[in-house]
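Peer 1: Here is my input, please return the structure:
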Amino acid sequence: MEYVTAVPHPRTEAARPARAGRRSLAIALLCGALGAAVTLLATRQQWSEGTATVAGGAFPLTAKGSDVTGVPAALAIVGLAALVAVFAVRRAGRLLVAALLALCGIGTVVSAVLGASDSSALDEQAARVSGDTSATVHALSHSAWPYVAAVGGALILLAGLLALRYGRLWPAMSGRYERSGTPRPRRAAPAVDPDRPEDLWKALDRGEDPTGTGPA
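Peer 2: This is a model prediction of the structure:
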C-alpha cells in the first residue's frame, strides 16, 4: 500500500507571514494606544495621601500621579508617537523606533512602580502648609493607581516587542502604492482633430501618426 504525503500548498505557506503580520499589527496598535491612554489616565488620579501638622492639628494632603512624577505621562506620549512613527520608516529605522517604543514601556513601568512608594510630593506640601522646611507627611498611604500606570506601561512594552518581532511584515505609509508591483497604465494620448493643424503637429512631435494608419 502506498502512502501519499500531503504537500502544503505554496499559497497557504506564503499567506502565513501575511496573517501573522496583520494579527500582530492589530494587537500592537491596540496595546500601544490602550497602554498610553491607561497611563495618562492613571497619572491624573490620586496616588498618595497623608496629613501634616499645622497649628497643633492634622491637615489632610493628597498628591496626584503628575505631582509625584511626570515620567510615566511623558513616556506614554513618546511611546504613542513612536507607535505612529513605526509606519513611517522601514528596515533599520523601523527597528530603532520599535526599540524606542519598548524602552518607553519599560521606563513607564519602572517610574510608576517607584512612584508608588514616593513621599516627596507630600513632604513638599507638608513643608509649605506648615511653614517648616523640615516638616514631613504623616499617616502616609498610597492608592493602586501607580500600578495601573505600570500596567499601561506593560502594554506599551508589549507593543514595542511586537514591533521588534513582526515590524518587518507591517506596511509602510510610503509603500501603499507599491504593493502590486504592476506598472501604472499609460495615459491615453489626446484625440487629434484633423481639422486643426496644431493638433497634427503636436501628434507628429510625440511620434504618433495623426492619420491613424500607422507609425509616424
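
Peer 1: In the record's domain split, what are the boundaries for the protein?
Peer 2: By the record's domain assignment, the chain is partitioned as 18-169, 190-216 (automatic domain parsing).

Peer 1: What segments of the chain are helices?
Peer 2: With helices called from DSSP state H, the chain shows them at 10-43, 65-68, 71-85, 91-115, 120-130, 145-166, 197-205.

Peer 1: could you say what helices and strands the second one packs with?
Peer 2: The helices and strands touching helix 65-68, judged by 3 or more CB pairs under 8 Å, 6 or more residues apart in numbering; DSSP states H and E, are helix 10-43, strand 46-54, helix 71-85, helix 91-115, helix 120-130, helix 145-166. Backbone N, C-alpha and C define where each C-beta goes, glycine included.

Peer 1: Export the helices of the chain to JSON lines and append columns for mean neighbour count, distance to T51 and mean pLDDT.
Peer 2: Formatted as JSON lines, the helices of the chain follow (neighbours: other CB atoms under 10 Å; distance: least, CB to CB, whole Å; pLDDT from 0 to 100):
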{"stretch": "helix 10-43", "mean neighbour count": "17", "distance to T51": "23", "mean pLDDT": "83"}
{"stretch": "helix 65-68", "mean neighbour count": "22", "distance to T51": "16", "mean pLDDT": "92"}
{"stretch": "helix 71-85", "mean neighbour count": "21", "distance to T51": "26", "mean pLDDT": "95"}
{"stretch": "helix 91-115", "mean neighbour count": "20", "distance to T51": "20", "mean pLDDT": "94"}
{"stretch": "helix 120-130", "mean neighbour count": "18", "distance to T51": "8", "mean pLDDT": "87"}
{"stretch": "helix 145-166", "mean neighbour count": "23", "distance to T51": "20", "mean pLDDT": "95"}
{"stretch": "helix 197-205", "mean neighbour count": "13", "distance to T51": "89", "mean pLDDT": "63"}
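
Peer 1: if we can go back for a sec, could you dump the helices and strands packed on helix 65-68 to a markdown table with distance to V137?
Peer 2: Putting these into a markdown table (distance: least, CB to CB, whole Å) gives the following:
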| stretch | distance to V137 |
| --- | --- |
| helix 10-43 | 20 |
| strand 46-54 | 4 |
| helix 71-85 | 21 |
| helix 91-115 | 15 |
| helix 120-130 | 4 |
| helix 145-166 | 16 |
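
Peer 1: Quick check: which of those is nearest to T62?
Peer 2: Using CB to CB as the criterion, the shortest distance between T62 and those is 4.6 Å, found for strand 46-54.

Peer 1: pretty sure S111 is touching V68, no?
Peer 2: No - counting by CB atoms under 8 Å, V68 is not a contact partner of S111; they are 9.4 Å apart.

Peer 1: OK, contacts around the residue lying closest to A163 once chain neighbours are set aside?
Peer 2: If the residues on either side of it in the chain are set aside, A163 comes closest to A98, at 3.5 Å by CB to CB, 6 or more residues apart in numbering. Contacts were defined as CB atoms under 8 Å, 6 or more residues apart in numbering; by that measure A98 touches 82, 86, 160, 163-164, 167.
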